[in-house]
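In: whatever this is, show me its structure:
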Amino acid sequence: NEKVKFRMLFEYARSHGFDRIATGHYAIITSTNGRLSVSLARDRTKDQSYMLYRLPKEILENLLLPMGNIIKKEAKTSRK
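Out: Model (predicted):
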């Protein structure tokens, strides 16, 4: 994943003029003293930080993970 999918997505985004990439992964990117790391998602039952922690800094700097602070059931819409 980190060696193929994210690298290809990152290169595609760059070559098409995008500044950042976003995915629906449940994890949070944090910065401590300028060092980026991947932290546990708010919804621990859906956390995917274990598969993202190896991403290189170059990708982490340009990755958005909007689901990291959301509980999955909060993201679902009700059906009528």
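In: what about the longest helix in the protein?
Out: helix 5-15 (DSSP state H).
In: helix or strand right after that one?
Out: Using DSSP states H and E, the helix or strand that follows helix 5-15 towards the C-terminus is strand 21-22.
In: which residues touch that next one?
Out: Strand 21-22 is contacted from outside by 9, 10, 13, 59, 62, 63, 64, 65, 66, using Cβ atoms under 8 Å, 6 or more residues apart in numbering. Placement of C-beta: from N, CA and C, glycine included.
In: let's go with 7 Å and repeat that
Out: Strand 21-22 has contacts (Cβ atoms under 7 Å, 6 or more residues apart in numbering) with 9, 10, 13, 62, 63, 64, 66.
In: just checking, residue 46 touches residue 74?
Out: No: in this structure, residue 46 is not within contact of residue 74 by Cβ atoms under 7 Å, at 11.2 Å.
In: distance of residue 41 relative to residue 12?
Out: According to Cβ to Cβ, to the nearest Å, residue 41 stands 25 Å off from residue 12.
In: all the helices of this protein, residue numbers only.
Out: Ranges of helices in the chain, per DSSP H, are 5-15, 49-52, 57-60, 72-75.
In: ok, which of those comes nearest residue 34?
Out: Of all the helices of the chain, helix 57-60 sits nearest to residue 34, with 10.2 Å by Cβ to Cβ.
In: pull the CA atoms of the closest one into PDB?
Out: The C-alpha trace of helix 57-60 is given here as PDB (Å, rounded to 0.1, in the frame of the first residue of the first chain):
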ATOM      1  CA  LYS A  57       7.300  12.400   5.200                       C
ATOM      2  CA  GLU A  58       6.900  13.700   1.600                       C
ATOM      3  CA  ILE A  59       3.500  12.000   1.400                       C
ATOM      4  CA  LEU A  60       2.300  12.700   5.000                       C
END
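In: show me what counts as buried in it.
Out: 59, 60 (16 or more other Cβ atoms under 10 Å).
In: and the average pLDDT for it is what?
Out: In this model, helix 57-60 has a mean pLDDT of 94.
In: from the chain's centroid, how far away is it?
Out: Taking Cα atoms, centre = their mean, to the nearest Å, one finds helix 57-60 lying 11 Å from the centre of the chain it belongs to.
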